[in-house]
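> only geometry, no sequence info:
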């Protein structure tokens, strides 16, 4: 079995200067039809030469067999859904690939056979059988004719009879320079984890295959298409101090004067810690506690004894949602199931966010019963985003 193999690649890389860019970019070098006849390829269509793929066919203007002895091709343009997998993580994405058009060249092997330029005139623009015409160009010497046809979203046999009124042709031709045009529908990259994804499609070539030149012989039995998609996200979190940790000192609501001067216990102790967030992808946030404050809260421990009071941790990240709900004063817990942040609609850049720490009145009452005491506890917030 002989197989022609090609790689098709597409990339997404988040760019801070283009935050609204949320599409994959084709990175496969364009070759074949769309290089020679770019005006006949749409903006989302690309072509690639199938290396080494050739076929030999006998053309005969006097034959009534349109498939065997005239210009014809059977090709399957049905969209194919393919799962691409990142071998490093096991993450997957789904793409839809379709053969949308093709280009090829018929080459005369014997000058005495006749002129391809004459008998294939208008072949590129007037196919029958379901394909759509694009363009066709023949050499003045009649030695070759190049053309391309569009393919509908189904399997078809398309043909064009040789123009016997323009002359006769009886002889062998070699089909070369075959290029496939394709479309590739990819998911929203902002909803995809970073990674290198790949998967393979196989198109059978020959009689009853996905691609059939209706020829006497074909060089290959199949075309193997390796699809590769690379996703690179950006994620960054910055505190005003420039570090990755903060020393947080909780303050009394309204200040401590009410307690010092009148013994009035503050309603709560709190502190807002701002940070800036850059993200083009979904991520999770988990909370880890040095001390267990009960009810999935972290705790502050009296350094002089073993007393612990709960501290609530609330997260606010404008522009982000968790399960469709705005992340605004969203309570963090030490539960195993992390806070899952949805993929943003676009790359969010330098969005001011904040995390709030708060000790409520019942806990404050416990704390003030120990004059001169110090209460401490580490709270770790783990932001997990797969960027590459």
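Yes, it's here. Just so we're clear, the structure is a prediction, and the values are computed from it rather than from any experiment. Residues are numbered from 1 along each chain as shown.
> Identify the residue nearest the geometric centre of the chain.
residue 189 (4.3 Å; C-alpha atoms, centre = their mean).
> got a list of what it touches?
Counting by C-beta atoms under 8 Å, 6 or more residues apart in numbering, residue 189 touches 12, 22-24, 231. Backbone N, C-alpha and C define where each C-beta goes, glycine included.
> Quick one, which of the residues you listed has the minimum pLDDT?
Within the contacts of residue 189, pLDDT reaches its minimum at residue 22, with 81.
> now for the longest helix along the chain, which elements pack on it?
Criterion DSSP state H: the longest helix present in the chain is helix 361-368. In terms of contacts (3 or more C-beta pairs under 8 Å, 6 or more residues apart in numbering; DSSP states H and E), helix 361-368 is packed against strand 268-279, strand 308-316.
> hang on, the earlier thing: leaving aside the residues next to it on the chain, what's closest to the residue nearest to the centre of the chain?
Closest residue to residue 189 in three dimensions, ignoring its sequence neighbours and counting by C-beta to C-beta, 6 or more residues apart in numbering: residue 12, at 3.7 Å.
> Can you say which helix or strand has that neighbour in it?
Assigned by DSSP states H and E, residue 12 belongs to strand 3-13.
> And for that strand, what's in contact with it?
With contacts defined as C-beta under 8 Å, 6+ apart, strand 3-13 is touched by 23-28, 48, 50-53, 182, 184, 186, 189, 192, 205, 219-232.
> Write the PyMOL selection for whichever of those residues are buried.
The buried residues among the contacts of strand 3-13 can be selected in PyMOL (16 or more other C-beta atoms under 10 Å) with this line:
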select buried, resi 24+26+28+48+50+53+182+184+186+189+192+205+219+220+222+223+225+227+228+229+230+231+232
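> ok, back up a step: quick one: average confidence on the longest helix of the chain?
Rounded mean pLDDT across helix 361-368 is 93.
> tell me which residues in that helix are buried?
Using 16+ other C-beta under 10 Å as the test for burial, helix 361-368 gives 363-364, 367.
> do stretch 77-86 as well
Residues of stretch 77-86 classed as buried: 77, 84, 86 (neighbour count, 16+ other C-beta under 10 Å).
> closest to residue 137 among these?
Distance to residue 137 across the buried residues of stretch 77-86 (C-beta to C-beta) is lowest for residue 77, with 23.3 Å.
> which residues sit in contact with the closest one?
98-100, 151-156.
> Tell me the buried residues within these.
Among the contacts of residue 77, those that count as buried by neighbour count (16+ other C-beta under 10 Å) are 98-100, 151, 156.
> State the distance from the closest residue to residue 296 other than its chain neighbours to residue 301.
Nearest non-adjacent residue to residue 296, counting by C-beta to C-beta, 6+ apart: residue 333, 3.8 Å away. Distance of residue 333 to residue 301, computed by C-beta to C-beta, to the nearest Å: 19 Å.
> Same question for residue 267.
Going from residue 267 to residue 301 by C-beta to C-beta gives 22 Å.
> One more: residue 291?
Using C-beta to C-beta, we find residue 291 at a distance of 5 Å from residue 301.
> Could you name every residue contacting both of the two?
Common contacts of residue 291 and residue 301 (C-beta under 8 Å, 6+ apart): 308, 377.
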